[in-house]
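Colleague: Below is the structure, and that's it, no one-letter string:
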């Protein structure tokens, strides 16, 4: 099955801000940055349930993420868009050009997403 195209936005979350005191090598931080937030109708359309794994491909790379439907705590993600907290897995999806800002563009990336049976999110330690 070919993946469906979405617009990916990446950003820091308040949970990540609180996690900075614990560190980025913590399992909770790893879980945050390997979770993709999607509209429930889009999840139905691609055939993934909350907690399922999805493969995300951009023109720059790919990664596997745990898929979760948006909720009040996550904010509402509109149909056709996905949100992923910024971290090492999203850096594989974004380009390396910073246009002189020192930070790659993290908003508005076109990505292809498809469900993956039995896959662990990218970055999880075996």
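Modeller: Yep, it's here. Since the model is a prediction, treat every value here as computed from it, not as a measurement.
Colleague: Who does residue 69 form a beta bridge with?
Modeller: residue 38 (DSSP bridges).
Colleague: Near it, how many other residues are there?
Modeller: Neighbourhood size, residue 69 [other Cβ atoms under 10 Å]: 18. For glycine as for every other residue, the C-beta is placed from the backbone atoms N, C-alpha and C.
Colleague: what does residue 6 give?
Modeller: For residue 6, using other Cβ under 10 Å, the count is 22.
Colleague: what about it, is that helix, strand or coil?
Modeller: Three-state call for residue 6 (DSSP: H, G, I helix; E, B strand; the rest coil): strand.
Colleague: which ones are touching it?
Modeller: Contact partners of residue 6, counting by Cβ atoms under 8 Å, 6 or more residues apart in numbering, are 38, 42, 80-82, 110-113.
Colleague: so residue 93 touches residue 112, yeah?
Modeller: No: Residue 93 is beyond contact range of residue 112, at 10.7 Å (criterion: Cβ atoms under 8 Å).
Colleague: who's more crowded, these two?
Modeller: Each of residue 93 and residue 112 has its neighbours counted (other Cβ under 10 Å); residue 93 has more, 23 against 16.
Colleague: Pull the contacting residues for that one.
Modeller: 8, 10, 56-58, 60-63, 109, 111.
Colleague: Also residue 42?
Modeller: 4, 6, 79-80, 82.
Colleague: which one of those has the most neighbours?
Modeller: residue 82 (24 neighbours).
Colleague: which residues does that one bridge with?
Modeller: Residues in beta-bridge contact with residue 82 (DSSP bridges): residue 8, residue 38.
Colleague: Do you know the pLDDT at it?
Modeller: Looking at residue 82, its pLDDT is 96.
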